[in-house]
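*Asks:* Here's a sequence, model it:
(one chain, ligands or ions: 1)
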Amino acid sequence: KAALLAKSQLPRFPRWVRINNLKANYDLLMNKGVFSEFTPINELSKLYPKRDCLPNKVYVDPYVDDLLAFAPSAPLLKHPLKKTGAIAFQDRASCVPAQLLDPPRDAYIIDATAAPGNKTTHLASLLGPDSKGKIFAFERDYRRAFTLKETVEAAGAENLVEIRPATDFLRSAPWNPSENELNRVTHILLDPSCSGSGIVEREEYRYVPVGEPGAKGTRNSDGASKGANTPPSAAEYEDAKSWRTGAAERDRIFALADFQVRIIEHAMRFPNATRITYSTCSIHAQENERVVMAALNTPVARNRGWVTEPRHLNRMKDWPRRGILEECNGNEQVADSCIRFNPWVDGGIGFFVAVFIRSEQERARLP
Ligand code: SAM
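*Replies:* So this is what the prediction gives:
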């Protein structure tokens, strides 16, 4: 097992700021003065890891729309734009699922595991203020649904988001004729509970709300269990197999993986769905590539024509870190359709995203 790293040894990240199109826009903030004290630079690595580097510079992310990076010391925490909801602090990798889901302006979307609502509000921002679309935000944990509501309100997204509090997405019925609106859903974002092993900057290296499969250990005030997981070093991250976990942790990860496959399988049943993103803040192949492989091998995926294809990574097609080939049983198409984030080089938490798609013909053949 990796030794616990001291906080000072952990990577430091730039401060990522996502512009909320429901309350502002890129042009207004970047070109018309509000962020005028910041000069654009092209190299992200200049903004960190030292907390005192270049507090007056800004990096415009080439992969995610409306996403900016500032030095950790940039004076943004109490910025008025944050108070009005015009900007949100959201880690870079965490912005990738909504970006890759790529919903059209009037799309009907499900965010299956939504609280605290970072990705829900990002989806709302992508739909934009004039959208006739809708986001159904499921959250099983009643208390966390309150946080979700607050996040949605702060972003001004109440008209676009219908929160389904204390509702288990796995129990939603995609084929229920009385749920006409859910039947219309074409895009589904899945960001289920995971081991949180990619979250290297926090003191608690895991993120498992009470009641999740395999949750154990002491709990912090959010109900997240604490401690037993340790972040991998840079070298260990690159070689995911070398990060050995204890037996109890392994069991917990397998329980999570089982849940993760089930949630993808369930999403694939929605009759009009053509695009699904699956993401975790875990670095374990068991929760990532192996879950993707298992989901693709379910009868639901096979019968309904769900596949993964690198070309659907859109602007992330050139992203250098892909799925681990051997964890995809040597299937290059699947590995290349998965994206990984390494906390030591990508300026944020360790993360994994995969995109599942099915063609219109497949959807029409077997809704
Ligand atoms: N996407 C969120 C964001 O970016 O702010 C973070 C989601 S967090 C990783 C996973 C959430 O899913 C937790 O709040 C958990 O309570 C919820 N959850 C877990 N299982 C669920 C289920 N079966 N149905 C609905 N929500 C679920």
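*Asks:* use CA for all of it now, contacts and neighbours both
*Replies:* Fine.
*Asks:* For the stretch 151-300 of the chain, which segments count as strands?
*Replies:* Along the stretch 151-300 of the chain, the stretches classed as strands by DSSP state E, counting those that start in this stretch are 161-165, 187-190, 275-280.
*Asks:* Is there proximity between the shortest one and the ligand?
*Replies:* No. When contact is scored as C-alpha under 6 Å from any ligand atom, no part of strand 187-190 falls within range of the ligand; the minimum is 7.4 Å.
*Asks:* can you check the first one too?
*Replies:* No. Applying C-alpha under 6 Å from any ligand atom, one finds strand 161-165 out of contact with the ligand, separated by at least 8.4 Å.
*Asks:* partners of that strand, with directions?
*Replies:* Sheet partners assigned to strand 161-165 using DSSP bridges are listed as strand 134-139 (parallel).
*Asks:* Need the CA coordinates for the strand it pairs with. PDB is fine.
*Replies:* Listed next in PDB are the C-alpha coordinates belonging to strand 134-139 (Å, rounded to 0.1, in the frame of the first residue of the first chain):
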ATOM      1  CA  LYS A 134     -34.900  20.000 -19.100                       C
ATOM      2  CA  ILE A 135     -32.600  18.300 -16.600                       C
ATOM      3  CA  PHE A 136     -34.000  15.600 -14.300                       C
ATOM      4  CA  ALA A 137     -31.700  15.600 -11.300                       C
ATOM      5  CA  PHE A 138     -32.000  12.400  -9.200                       C
ATOM      6  CA  GLU A 139     -30.500  12.300  -5.800                       C
END
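*Asks:* near the ligand, which residues of the protein?
*Replies:* Listed as neighbours of the ligand in the chain under the rule C-alpha under 6 Å from any ligand atom: 112-119, 138-141, 144, 167-170, 191-193, 209.
*Asks:* thinking again about what came up before, quick one: the strands of the stretch 151-300 of the chain as a markdown table, columns for mean neighbour count and mean pLDDT too.
*Replies:* As requested, the strands of the stretch 151-300 of the chain are arranged in a markdown table below (neighbours: other C-alpha atoms under 10 Å; pLDDT from 0 to 100):
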| stretch | mean neighbour count | mean pLDDT |
| --- | --- | --- |
| strand 161-165 | 20 | 97 |
| strand 187-190 | 26 | 98 |
| strand 275-280 | 26 | 98 |
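*Asks:* tell me, how many neighbours does residue 110 end up with?
*Replies:* 27 (other C-alpha atoms under 10 Å).
*Asks:* How about residue 75?
*Replies:* The burial metric for residue 75, expressed as a neighbour count using other C-alpha under 10 Å, is 11.
*Asks:* What pLDDT does the model give the residue nearest to residue 192 when sequence neighbours are not counted?
*Replies:* Computed as C-alpha to C-alpha, 6 or more residues apart in numbering, the closest residue to residue 192 that is not its neighbour in sequence is residue 113, at 5.7 Å. The per-residue pLDDT reported for residue 113 equals 98.
*Asks:* With residue 223 instead?
*Replies:* Among the per-residue scores, residue 223 holds a pLDDT of 35.
*Asks:* ranges for the helices of the stretch 101-250 of the chain?
*Replies:* 118-127, 142-154, 180-183, 234-238, 247-267 (DSSP state H, counting those that start in this stretch).
*Asks:* Could you give the number of residues near residue 258?
*Replies:* Taking other C-alpha under 10 Å as the definition, residue 258 ends up with a neighbour count of 16.
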